[in-house]
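Enquirer: Sequence and computational prediction follow.
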Amino acid sequence: MKLYRLEKSQKLPITIEEGWAFFSNPENLKIITPDYMGFDILDSENSRMYSGQIIKYNVSPILNINMKWVTEISHVKENSFFVDEQRFGPYRFWHHKHIFKKINGGIEAIDILDYAVPFGFLGRFFHPVLIKPKLEEIFGYRKRKLEEIFGKL
């Protein structure tokens, strides 16, 4: 299995507590996901994020194909980081670390995504022309939306 990594970082002029409150609320993921992806949370508890929490979504990540996505919050350290891992969904493997650091004037929000694509050779063939550009586009949208909400640092 070939693993790929995508790393993104963004500086925002907010406190670590404000950042944590926003990013650790699954409902806010819809706000920072492009509308065309049809992202909808199907099932999530209205409680503080915790290790073992299961979140179910509907999403259309590629070619407008609607699919269910189930993630588990596997690790949480409040105001510091959390990890979501796919249990069922479009990827063969998905491990997404969200890290938050205090910096001068705000926070740095860091995403480290390790993932593997499905369909063996065919998936690896389409990765550079379809999957990676789509992920870059989604994270680019997220960056612009967060700047719109919180401003730039």
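Expert: Great, that's in hand.

Enquirer: all helices of the protein, in order?
Expert: In the chain, the segments counted as helices under DSSP state H are 16-23, 120-126, 132-150.

Enquirer: got those as CSV, with mean neighbour count and distance to residue 65 columns?
Expert: Bear in mind the C-beta positions are built from the backbone N, C-alpha and C, glycine included. Shown next, in CSV, are the helices of the chain (neighbours: other C-beta atoms under 10 Å; distance: least, C-beta to C-beta, whole Å):
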stretch, mean neighbour count, distance to residue 65
helix 16-23, 17, 27
helix 120-126, 12, 13
helix 132-150, 15, 12
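
Enquirer: could you dump those to JSON lines with distance to residue 93?
Expert: Below are the helices of the chain laid out as JSON lines (distance: least, C-beta to C-beta, whole Å):
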{"stretch": "helix 16-23", "distance to residue 93": "22"}
{"stretch": "helix 120-126", "distance to residue 93": "11"}
{"stretch": "helix 132-150", "distance to residue 93": "14"}
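
Enquirer: Relative to residue 100, which of those is closest?
Expert: Proximity to residue 100, assessed across the helices of the chain by C-beta to C-beta, is greatest for helix 16-23 (5.3 Å).

Enquirer: what helices or strands is the lowest-mean-pLDDT helix or strand in the chain leaning on?
Expert: Every helix and strand in the chain was compared by mean pLDDT, DSSP states H and E; the lowest is strand 40-43, with a mean of 85. Here strand 40-43 touches strand 53-59, going by 3 or more C-beta pairs under 8 Å, 6 or more residues apart in numbering; DSSP states H and E.
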